[in-house]
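J.: No letters, just coordinates:
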């Protein structure tokens, strides 16, 4: 019992330590602040939006920013400020749960492949390679156009599609530890495979997989908003940045505010997640700049 | 060496084979087939039969796969659903246009990325590095459709320097295309350049810290000679593979950028064929894009192999 308690405290201490290291550099601090700001905004924004996000008013079409409408109105007379602060909710939820799914299936399959090796490993890695060589946009569009664009489709689809890169990382990390002495001795002590995975391998590959997951999150956000931009993401009138940009784009020569507001929202969130992921990787001692975005 | 090259090529072909299986099976497993989605409400009775007959959907799936794959091997992708046109004729000019766009971005992106990466590594943590690294983080993270939209807004609408939308026919020659692709090329190469610059930077920094570079410094080799003779050849080799992956990733970005600029390339075809559920075209696109990806990776692998004898043994393990 005592041992377990001690272990828990260590995990909290480690998390605290990592966050402290992340915040010690200006770029990590900025990233964390932006990310936390966006998360708080996404959770609380319905409580204080000034207008109804789907209220159409033809008399207020494309009014420039004023004290009444901070970011102006769009081509249907809807308040852009309201839609902008609500616009990240779907994106954040979908990509967050999507990355969790990606982490889970990618991580477990990767560890499994690294552990068993041999023929199964070869076959799975060939299939993963094949999936990697289909451009994400084509695969995502195909899935979404055939199965629909509800969140219940988008989350597993994104999770599945962005998890395949994690398989590789988890497999490589497992390969690195599998030949180490402590695994050999655990085997010699007669531990079961599950116990070896849980107690010996997982603690050693966890960092690499988590950093990979954080990176996937920003790419998934990019993919998700590109999908909405192309009209294959969330359906209107749900406020979403990608969709807002795509709708306001045609009229941006005289209503730039309707396009700049969602651009600012989306870019700041992506930059925030990226800076945080970078700082996270550095705090765990993993250099992410040598990785290509696959 | 010869054996290795053959093995790499074979692995690439196997990957393509699996891609073709996946796309074929995917289209097969997902609800609805080409005829029901194409005919929609009229999908019953004689119309449906006729459509099945026309597309040859009334034979078992594996037979269709074999005949389709045989056609693809001979460079024939069959007919599209909607236009009843040969897919080859639809795809040909669009593939060319997209390749013009992609190669222009790569040709401009790689030298800039090398230059920026080397500068930031050599002046690490000093003013040039801080400025360039901040800019790269911005241009790396912002999605293509946002940078493209911003470019149109600023350069085309506010400054009125360049046209914001590409208006050329699909069969335009390269000379007609070039003046129109400046903004799309900037939008595409921004992300790619930033990624590559970061990789080059960390690669150069790693090599600078290695023993043989320290040795060269101690020996008194002049700084620039050391950089060009000892650091760069060793730093740039490992970057080739990662650069290839970045280029492959770029294919998705090209699709989005082409849509934003209304460019007559594969991008719009991807969107149109998927909106119309034109599955034969989607399959053809998947194979073509995957071949480009596999091809680029193969070239990168072989280049690294040729240039770096030390990797020969590593490649077998991989």
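T.: Received the coordinates, thanks. Just so it is clear, the structure is predicted and the values come from calculations on it, not from any experiment. Residues are numbered from 1 along each chain as shown, chains lettered A, B, ... in the order given.

J.: Okay, helices next: where are they in chain A?
T.: A:2-24, A:26-48, A:80-86, A:88-116, A:118-133, A:136-147, A:151-178, A:181-188, A:193-195, A:202-229, A:241-248, A:256-283 (DSSP state H).

J.: Over to the stretch 101-250 of chain B?
T.: B:127-141, B:144-151, B:174-177, B:182-208, B:211-219, B:223-226, B:232-261 (DSSP state H, counting those that start in this stretch).

J.: The ones you listed: lowest mean pLDDT?
T.: The minimum mean pLDDT among these belongs to helix B:174-177 (a mean of 71).

J.: Tell me how many other residues crowd the residue in the stretch 201-318 of chain B that chain A sits nearest to.
T.: Evaluated by Cβ to the nearest Cβ, the stretch 201-318 of chain B has residue B:245 as its residue closest to chain A, separated by 3.4 Å. Backbone N, C-alpha and C define where each C-beta goes, glycine included. Close neighbours of residue B:245, defined as other Cβ atoms under 10 Å in any protein chain shown, add up to 20.

J.: what do you get for residue A:61?
T.: 15.

J.: Just the pLDDT at it, thanks.
T.: pLDDT, residue A:61: 70.

J.: swap in residue A:34?
T.: In this model, residue A:34 carries a pLDDT of 90.

J.: Go through the helices of the stretch 101-250 of chain B and name the closest to residue B:92.
T.: With Cβ to Cβ, the closest approach to residue B:92 among the helices of the stretch 101-250 of chain B belongs to helix B:174-177: 14.5 Å.

J.: List the contacts of the closest one.
T.: Counting by Cβ atoms under 8 Å, 6 or more residues apart in numbering or on different chains, helix B:174-177 makes contact with B:97, B:100, B:168, all of which sit outside it.

J.: Which positions within it qualify as buried?
T.: For helix B:174-177, the neighbour count (16 or more other Cβ atoms under 10 Å in any protein chain shown) marks residue B:177 as buried.

J.: Neighbour count and pLDDT for the contacts of helix B:174-177 - can I get that in a markdown table?
T.: Output for the contacts of helix B:174-177, formatted as a markdown table (neighbours: other Cβ atoms under 10 Å in any protein chain shown; pLDDT from 0 to 100):
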| residue | neighbour count | pLDDT |
| --- | --- | --- |
| B:97 | 24 | 83 |
| B:100 | 19 | 83 |
| B:168 | 16 | 71 |
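
J.: Quick check: the residue of the stretch 1-150 of chain B nearest chain A.
T.: The nearest approach of the stretch 1-150 of chain B to chain A comes at residue B:18, 3.6 Å away (Cβ to the nearest Cβ).

J.: Please list the residues of the stretch 51-200 of chain B that sit near chain A.
T.: Residues of the stretch 51-200 of chain B found near chain A (Cβ under 8 Å from any Cβ of the partner chain) are B:137-138, B:140-146, B:149-150, B:152-153, B:157, B:195, B:198-199.

J.: before we move on, back to that, check the residue of the stretch 1-150 of chain B closest to chain A and give its pLDDT.
T.: So residue B:18 comes in at 82 (pLDDT).

J.: swap in residue B:120?
T.: pLDDT for residue B:120: 89.

J.: got a list of what residue A:256 touches?
T.: Neighbouring residues of residue A:256 by Cβ under 8 Å, 6+ apart: B:153, B:157.

J.: got it, and residue B:143?
T.: Going by Cβ under 8 Å, 6+ apart, residue B:143 touches A:222, A:225-226, A:229, A:266, A:270, B:256.

J.: wait, which of the residues you listed is closest to residue A:44?
T.: Checking these one by one against residue A:44 (Cβ to Cβ), the nearest turns out to be residue A:266, at 19.0 Å.

J.: what's near enough to touch the closest one?
T.: If you count contacts by Cβ under 8 Å, 6+ apart, then residue A:266 has A:87-88, A:91, A:225, A:241-242, A:245, B:143, B:146 around it.

J.: do that again at 10 Å, thanks
T.: A:84, A:87-88, A:91, A:221-222, A:225, A:228-229, A:240-242, A:244-245, B:142-143, B:145-146 (Cβ atoms under 10 Å, 6 or more residues apart in numbering or on different chains).

J.: which residues are in contact with stretch B:200-211?
T.: Outside stretch B:200-211, the residues that touch it by Cβ under 10 Å, 6+ apart are A:287-291, B:110, B:113-122, B:124, B:129, B:132-133, B:136, B:213-214, B:216-217, B:226-227, B:230-239, B:242-243.

J.: again, 8 Å this time
T.: A:287, A:289-290, B:113-114, B:116-118, B:120-122, B:124, B:133, B:213, B:230-232, B:234-236, B:238-239.

J.: to the chain's geometric centre, what's the distance from it?
T.: How far stretch B:200-211 lies from its chain's middle: 27 Å, per Cα atoms, centre = their mean, to the nearest Å.

J.: Stretch B:204-212 now?
T.: Distance, centroid of stretch B:204-212 to centroid of chain: 31 Å (Cα atoms, centre = their mean).

J.: Domain parsing of chain B, as residue ranges.
T.: Per the record, chain B has its domains at B:2-73, B:95-275, by automatic domain parsing.

J.: if you compare those, which one is most tucked away?
T.: Of the domains of chain B, the one with the most neighbours on average (mean count of other Cβ atoms under 10 Å in any protein chain shown) is domain B:95-275, at a mean of 19.

J.: List the residues that contact the residue nearest to residue A:74 when sequence neighbours are not counted.
T.: Spatial nearest neighbour of residue A:74, chain neighbours left out: residue A:258 (4.4 Å); criterion: Cβ to Cβ, 6 or more residues apart in numbering or on different chains. Contacts for residue A:258 (Cβ under 8 Å, 6+ apart) come out as A:62, A:71-75, A:80, A:244, A:247-248, A:251-252.

J.: sorry, back to before: residue B:11 is nearest to which of the helices of chain A?
T.: Among the helices of chain A, helix A:118-133 sits nearest to residue B:11 (Cβ to Cβ), with 8.0 Å.

J.: Return the set of buried residues in the closest one.
T.: A:121, A:124, A:127-133.

J.: Quick check: buried residues in stretch A:100-111?
T.: A:101-103, A:105-111.

J.: how close does residue A:22 sit to residue B:22?
T.: Here residue A:22 is placed at a distance of 39 Å from residue B:22 (Cβ to Cβ, to the nearest Å).

J.: How about the residues of the stretch 1-150 of chain A by chain B?
T.: Contact residues, the stretch 1-150 of chain A versus chain B (Cβ under 8 Å from any Cβ): A:27, A:126-127, A:129-139, A:141-142, A:145-147.

J.: Which residue, neighbours along the chain excluded, lies closest to the residue of the stretch 101-250 of chain A found nearest chain B?
T.: Nearest residue of the stretch 101-250 of chain A to chain B: residue A:130, at 3.6 Å (Cβ to the nearest Cβ). Leaving aside its chain neighbours, residue A:130 sits nearest to residue B:18 (3.6 Å; criterion: Cβ to Cβ, 6+ apart).

J.: Wait, a helix at the one you found?
T.: Yes: using DSSP: H, G, I helix; E, B strand; the rest coil, the assignment for residue B:18 is a helix.

J.: Can you verify my assumption that it contacts residue A:127?
T.: Yes: with contact defined as Cβ atoms under 8 Å, residue B:18 counts as touching residue A:127 (6.0 Å).

J.: sorry, back to before: need the contacts of residue B:143 in TSV with distance to residue B:271, can you?
T.: As requested, the contacts of residue B:143 are arranged in TSV below (distance: Cβ to Cβ, whole Å):
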residue	distance to residue B:271
A:222	17
A:225	16
A:226	11
A:229	11
A:266	20
A:270	22
B:256	9
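
J.: For those, work out which two are farthest apart.
T.: A:270 and B:256 (14.4 Å).

J.: follow-up on the earlier one: turn the contacts of residue A:258 into TSV, including neighbour count.
T.: What follows is the contacts of residue A:258, written out as TSV (neighbours: other Cβ atoms under 10 Å in any protein chain shown):
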residue	neighbour count
A:62	17
A:71	21
A:72	21
A:73	27
A:74	26
A:75	14
A:80	28
A:244	26
A:247	19
A:248	24
A:251	15
A:252	20
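
J.: mind checking how far the residue of the stretch 101-250 of chain A closest to chain B is from residue B:17?
T.: In terms of Cβ to Cβ, residue A:130 sits 8 Å off from residue B:17.
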